[in-house]
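Peer 1: need a structure here:
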Amino acid sequence: MDHRNDLNRTAGSLIIGTQEQFQWLNGIAKLILVLNLLDGVFTMFWVETLQAQELNFMMRDLVHTNALSFMLVKLTLVSLGTLFLWRYRSNALAVVSLFLAFFSYYWVLLVHLEHSSIVLL
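Peer 2: Okay, the predicted model is just below:
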């Protein structure tokens with residue numbers, strides 16, 4: 001009997017994932033990185049045009065003082081976090097965290113697009 005596609009409990013943690021599920025999850029992880037990049041670009045544009053301010057208090061000063069550093073820090077931190085979660089992709093909590101990050105950045109993109117439509121109209 002092949003148990004690779006079943007949910008298994010090992011050492012107190014839930015192990016999940018088929019090859020197909022991991023391919024989908026890989027796409028989700030890549031989308032997180034793209035959405036993070038788009039968030040950074042939109043944020044810098046809105047901040048530079050005085051249409052909005054950075055809501056992340058840890059990044060607020062950096063976006064005003066050095067846009068390149070802002071993007072490098074933003075991209076690096078999210079990339080490292082996504083890589084960390086990807087390395088633990090067999091753990092249900094890591095998978096849920098990847099999906100939460102994806103939906104969070106997707107929501108942020110929708111907010112940016114909504115703001116764009118208001119400003120452009």
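Peer 1: Look up how far residue 19 lies from residue 76.
Peer 2: Between residue 76 and residue 19 the distance is 30 Å, computed by C-beta to C-beta, to the nearest Å. Just so you know, the C-beta spots here come from the backbone N, C-alpha and C atoms, and that holds for glycine as well.
Peer 1: same question, residue 35
Peer 2: For residue 35, the distance to residue 19 under the criterion C-beta to C-beta works out to 25 Å.
Peer 1: do residue 79 as well
Peer 2: Counting by C-beta to C-beta - residue 79 and residue 19 are separated by 24 Å.
Peer 1: what about these two, which has more around it?
Peer 2: Set residue 79 next to residue 19 and count neighbours by other C-beta atoms under 10 Å: residue 79 wins out with 15 against 8.
Peer 1: Show me the shaky parts of the chain.
Peer 2: With pLDDT under 70 as the threshold, the chain has low-confidence stretches at 1-16, 121.
Peer 1: Can you report phi and psi for the most centrally placed residue in it?
Peer 2: Centroid-nearest residue in the chain: residue 32, 3.6 Å away (criterion: C-alpha atoms, centre = their mean). Backbone torsions for residue 32, taken as degrees, to the nearest 10, come to phi -60, psi -40.
Peer 1: so who does it touch?
Peer 2: 78, 82, 98, 101-102, 105 (C-beta atoms under 8 Å, 6 or more residues apart in numbering).
Peer 1: From these, which land in strands?
Peer 2: Here DSSP state E is the test, and those give no hits in strands at all.
Peer 1: Pick out whichever of those sits closest to residue 62.
Peer 2: Within those, proximity to residue 62 (C-beta to C-beta) peaks at residue 78, which comes in at 14.3 Å.
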